[in-house]
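In: Following is a predicted model, sequence given first.
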Amino acid sequence: MRNSRSLLIIGVALFLALAAVLVAAKWMGEQGTAGTRVAVAAADIGQGSRLAAASVQLVDWPSGSIPPGAITDPKLLVDRVTRADIGRGEPLLESKLAPPGTTGGLSAVVAAGKRAMTVRVNDVVGVAGFALPGNYVDILVNMQGMAGDAGRTEGSISKIVLERILVLAVAQESNRDDTKPRVVNAVTLELAPEQVEKLDLARSIGSLSLVLRNQVDPQPANTGGATRESVLGLPPAKPAAPPVREAAPAPAPVRAAAPAPARRTEGVLVIRGLDAAPQATN
């Protein structure tokens, strides 16, 4: 009795082990099976570069894990321009390529409906060179007011006018791989059309500064701006009273001229027959 039970247990164990081996072999076979040939980068490709035949290769990719937007036909990659940096072995996705017919350079990187605008900066304004392509910055404008009473400058304000602006390039470089700070004299930003107009006016009425912000922080600042009074804790400046204009004297009343006296005329009475008629004489 005991021997038969032991044999039964051993038989069940062997059956389960064989089933596990078969399932594992099937799973490994599916993982190793070449599903679809996908285009990947044969070497590192920089942003805004035009694809060449030597920079693309087809590799076997498991059919169950093909990334969305992957390209399987090399003919679709002829003369395409990259919108982002692509590392070696990384699949070439439609989201990282500019539309067909796009010329190379920075214009291929600008998103649809956006504009690229370059502003002049220095080592301080440019966040000591840490504002690199791919970073987001806020733009601050500082406006100096007019000198008021007691040597106080009234109307000075520092205010964030644009938030979460993408840096496309620094100087003439748009490479996003370099993490070292670079002090440059110009920064190119990606802006909406209304933001371009706002920035163009801001740089004409005050001095600009860039403020580096967290890459994943979408929260707006919602500040009222800093004034000289708020920084130094001074009472707010009273608005200057409008100049008082002296009232013009009322015009003297015009008297109406007295009517001229009626001119009296003298005459004689002429009697002719039974009729009498007066005749005036001077």
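Out: It's in. In this text, all values refer to a predicted model and were calculated from it rather than measured experimentally.
In: What are the phi and psi values at Ser65?
Out: phi -130, psi 30 (degrees, to the nearest 10).
In: burial measure for it, as a count.
Out: 8 (other C-beta atoms under 10 Å). C-beta here means a position set from N, CA and C on the backbone, and glycine is covered the same way.
In: likewise Ser95?
Out: Ser95: 9 surrounding residues under other C-beta under 10 Å.
In: Distance of it relative to Ala54?
Out: Separation of Ser95 from Ala54 (C-beta to C-beta, to the nearest Å): 23 Å.
In: Same question for Thr72.
Out: Look at Thr72 and Ala54: by C-beta to C-beta, they are 19 Å apart.
In: again, but for Gly206
Out: For Gly206 relative to Ala54 (C-beta to C-beta), the value is 50 Å.
In: Repeat that for Ala42.
Out: Noted for Ala42: a distance of 7 Å to Ala54, by C-beta to C-beta.
In: between Thr72 and Ala54, who's got more neighbours?
Out: Remark: of Thr72 and Ala54, Thr72 carries more neighbours, 12 against 8, as counted by other C-beta under 10 Å.
In: Quick check: the more buried one vs Arg182, distance?
Out: Going from Thr72 to Arg182 by C-beta to C-beta gives 39 Å.
In: next one: Arg88
Out: Look at Arg88 and Arg182: by C-beta to C-beta, they are 24 Å apart.
In: same deal with Leu16?
Out: 63 Å.
In: cool, Ser63 as well?
Out: Where Arg182 is concerned, Ser63 sits at a distance of 44 Å (C-beta to C-beta).
In: now do Lys96
Out: Lys96 is 24 Å from Arg182, by C-beta to C-beta.
In: okay, now the domains of this protein?
Out: The chain breaks down into these domains under the TED database: 36-102, 115-232.
In: Tell me the confidence at the closest residue to Asn122 other than its chain neighbours?
Out: Closest residue to Asn122 apart from its sequence neighbours, by C-beta to C-beta, 6 or more residues apart in numbering: Asn185 at 6.9 Å. Asn185 is assigned 82 on the pLDDT scale.
In: again, but for Arg272
Out: For Arg272, the pLDDT comes out at 64.
In: One more: Leu166?
Out: 91.
In: In what element of secondary structure is it found?
Out: Using DSSP states H and E, the element containing Leu166 is strand 157-170.
In: so Ser221 touches Asp138, yeah?
Out: Careful, residue 221 is Ala and not Ser. Yes. Using C-beta atoms under 8 Å, Ala221 is in contact with Asp138, at 6.9 Å.
In: Out of those two, name the residue with the larger neighbour count.
Out: Set side by side, Ala221 and Asp138 show more neighbours around Asp138, with 17 against 12, by other C-beta under 10 Å.
In: how about the helices of the stretch 151-282 of the chain, start to end?
Out: For the stretch 151-282 of the chain, the helices defined by DSSP state H, counting those that start in this stretch occupy 193-205, 228-232.
In: List of residues touching the longest one?
Out: What that stands for is helix 193-205. With C-beta atoms under 8 Å, 6 or more residues apart in numbering as the test, helix 193-205 has contacts from 113, 115, 117, 119, 139, 141, 143, 161-162, 165, 189, 191, 208.
In: Tell me the one of those nearest Arg80?
Out: Arg80 lies nearest to Gly113 out of the contacts of helix 193-205, by C-beta to C-beta, at 20.8 Å.
In: What distance do you get for Asp200 to Thr118?
Out: 11 Å.
In: The two: which is more packed in?
Out: When neighbours are counted by other C-beta under 10 Å, Asp200 and Thr118 differ, and Thr118 comes out ahead with 15 against 12.
In: correct me, but Ala116 touches Ala186?
Out: No. Assessed by C-beta under 8 Å, Ala116 is found out of contact with Ala186, at 11.8 Å.
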